[in-house]
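Undergrad: need a structure here:
(one chain, ligands or ions: 1)
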Amino acid sequence: MSQIAQEAARRRTFAIISHPDAGKTTLTEKLLLFSGAILSAGTVKGKKSGKFATSDWMEIEKQRGISVASSVMQFDYRQHVVNLLDTPGHEDFSEDTYRVLTAVDSALMVIDAAKGVEAQTIKLLNVCRLRDTPIVTFMNKYDREVRDSLELLDEVENILHIRCAPITWPIGMGKNFKGVYHILNDEIYLFEAGGEKLPHQFDVIKGINNARLDELFPIEIQQLREEIELVQAASNEFDLNAFLRGELTPVFFGSAINNFGIQEILNALIDWAPAPLPRETLERVVEPTENKFSGFVFKIQANMDAKHRDRIAFLRVCSGEFTRGMKIKHLRLNRDIAASSVVTFMSHTRELVEEAFAGDIIGIPNHGNIQIGDSFTEGERLTFTGIPFFAPELFRAVRIKNPLKMKQLQKGLQQLGEEGAVQVFRPHNGGDLILGAVGVLQFEVVTARLANEYGVDAVFESVSIWSARWVSCPDRKKLAEFEKANILNLATDAGGNLTYLAPNRVNLSLTEERWPDICFHETRELT
Ligand code: G4P
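TA: Numbering: from 1, shown residues only. Purely as a prediction, here's the structure:
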């Protein structure tokens, strides 16, 4: 095997998906702790106080006085290189989250076992489903009173439409939480609350019929044995191929805050989750083991660090090897860039990258010339596909207090639109610019950034737009007819695409009926 193939094979790139408060931040911190990337961990307190907390990790950084510094973390575990991508799951939930999920090969779904499947989890899982991303599930907070475990599995199967294969099974809960039984290994891991125990420091008892269990749990053990029998008979067996197809999820139980269950998740990611997968481009499929470097930009973040006033384009490496100083081609602009200042996200800080392989994320500093979806190679024309833009659900018209700042406003919105911070629509009837977002916090971020970075005081006003659809039609004549008849509802987005802005649901379905040759798209893939 070539060195490039070997390096690709030992990479795992994943994101954590969860509803706010399920324990994503806690789990992230514990994963870092366990991998040795940070030295101590504790409850991250008061994290909701920061209004514009763009990343929970930045909060960890503030709280703990450590430098996590970005929304991508790389750490080593069992001779593998793990890339963990943060998905903003909170109030700042936005399209960014969706696009981060296009850059991973698997996802870890965290569920608060007291609450079960919640709204954000459903949304995020549906995005994973677009690419059949394999999902590992962690049922968290067993140190509390939680819901019945079988009922939780039922809920995941019925609401998220993914089969569950429990790998561990909890023994008790809350004050009576004793540990978990590992079904595949036939081992019991004993739970102990509090302290800073590392995951491998929990006691292990071999075999469900081990007499020590009768001594330790004289009352509960019989019931547990019966329950395990029932679970094994009633639930799915783990099937690696079904997992890799995104049809079945291995389920683990534990308590993130107590470091309990973390090791099993990490092992599942290393043993079962896929190494970097082949990626589609318009031209051909790109294999991670190819010798030549290629990758695409899935996220842009500005002002990540007050000391570095720049934008970072996050690029997912899809093939080959990236080494410091090599020239790579920015295909949209057809321009070579000498990537000497490219950064990687090793353990604590932004460091200059020495080398990166498929699955790794590298950060390219730039001044606004790189856009989401841009492809980079050593010269071959490749256009990575599958980076989605979603029909926004919230709309605002933009006005400015000082009309002399119109130019700055347009420039600012153009750049924020290209960055993907918000979607910008220019109505064909010449009215005010319309902003579209998936999460309401996006508007606040845009207001703040327009003021800070472009010196523009913008006010947003509500507009009667219910949803947007990207419009296409292979027949140019029909499209022109449609455009003429619907000028009041049409706009062009920042990428120059024709969009229909529907005032309400009824209007949209009537228009769709009236124009059967026109396609109305809910998502737009960047090509
Ligand atoms: P998030 O990033 O998904 O939003 O969740 P986060 O990790 O911040 O966790 C949300 C709350 O749940 C936190 O409490 C955290 O301490 C708690 N938590 C996480 N894992 C566990 C667990 O295994 N057991 C228990 N009992 N709690 C857990 P918080 O925000 O500090 O609020 P509070 O509960 O301390 O008031």
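Undergrad: Wait, Thr249 touches Ala165, no?
TA: Yes. Under the criterion of Cβ atoms under 8 Å, Thr249 is in contact with Ala165, at a separation of 7.0 Å. To be clear about C-beta, it is placed using only N, CA and C from the backbone, and glycine gets the same treatment.
Undergrad: Low-confidence regions, this protein specifically.
TA: Under the criterion of pLDDT under 70, the regions of the chain flagged as low confidence span 36-70, 88-94, 195-197, 199-200, 302-310, 339-341, 343-353, 525-527.
Undergrad: Please enumerate the helices of it.
TA: All helices of the chain, identified by DSSP state H, fall at 3-9, 24-35, 56-64, 95-100, 119-130, 149-160, 211-216, 221-234, 240-244, 262-271, 406-419, 441-454, 476-485, 505-514.
Undergrad: Which one, of those, ends up nearest to the ligand?
TA: Each of the helices of the chain was scored for nearness to the ligand using Cβ to the nearest ligand atom, and the closest is helix 24-35 (3.2 Å).
Undergrad: Can you tell me which residues in the stretch 51-200 of the chain are near the ligand?
TA: With the criterion set to Cβ under 6 Å from any ligand atom, the stretch 51-200 of the chain comes near the ligand through Asp56, Asn140, Lys141, Asp143, Arg144.
Undergrad: Would you state the strands of the stretch 51-200 of the chain in chain order?
TA: Listed in chain order, the strands of the stretch 51-200 of the chain (DSSP state E, counting those that start in this stretch) span residues 72-77, 80-85, 106-112, 135-140, 163-166, 168-171, 179-182, 187-190.
Undergrad: what pairs with the last one, and is each one parallel or antiparallel?
TA: What that stands for is strand 187-190. Applying DSSP bridges, strand 187-190 is found paired with strand 179-182 (antiparallel), strand 204-206 (antiparallel).
Undergrad: Relative to Lys123, which of the ones you listed is closest?
TA: Ranking those by distance to Lys123, with Cβ to Cβ as the measure, places strand 179-182 first at 28.8 Å.
Undergrad: okay, the strands paired with strand 187-190 in CSV with mean neighbour count next?
TA: Rendered in CSV, the data for the strands paired with strand 187-190 read as follows (neighbours: other Cβ atoms under 10 Å):
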stretch, mean neighbour count
strand 179-182, 24
strand 204-206, 13
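Undergrad: do you know which of those lies nearest Leu266?
TA: strand 179-182 (14.0 Å).
Undergrad: Dump the closest one to PDB, keeping only the CA atoms.
TA: What follows is strand 179-182, C-alpha atoms only, in PDB (Å, rounded to 0.1, in the frame of the first residue of the first chain):
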ATOM      1  CA  GLY A 179     -22.800   0.200  34.500                       C
ATOM      2  CA  VAL A 180     -23.300  -1.300  31.200                       C
ATOM      3  CA  TYR A 181     -23.100  -4.800  29.700                       C
ATOM      4  CA  HIS A 182     -21.100  -5.000  26.500                       C
END
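Undergrad: distance between that strand and the chain's centre?
TA: The chain centroid and the centroid of strand 179-182 are separated by 29 Å, computed with Cα atoms, centre = their mean, to the nearest Å.
Undergrad: ok, residues contacting it?
TA: Residues outside strand 179-182 that contact it (Cβ atoms under 8 Å, 6 or more residues apart in numbering): 167-171, 187-191, 202, 208, 224, 228, 252-254, 260-261, 264.
Undergrad: do stretch 280-287 as well
TA: Counting contacts by Cβ under 8 Å, 6+ apart, the residues outside stretch 280-287 that touch it are 278-279, 294, 318-319, 375, 381-386, 527.
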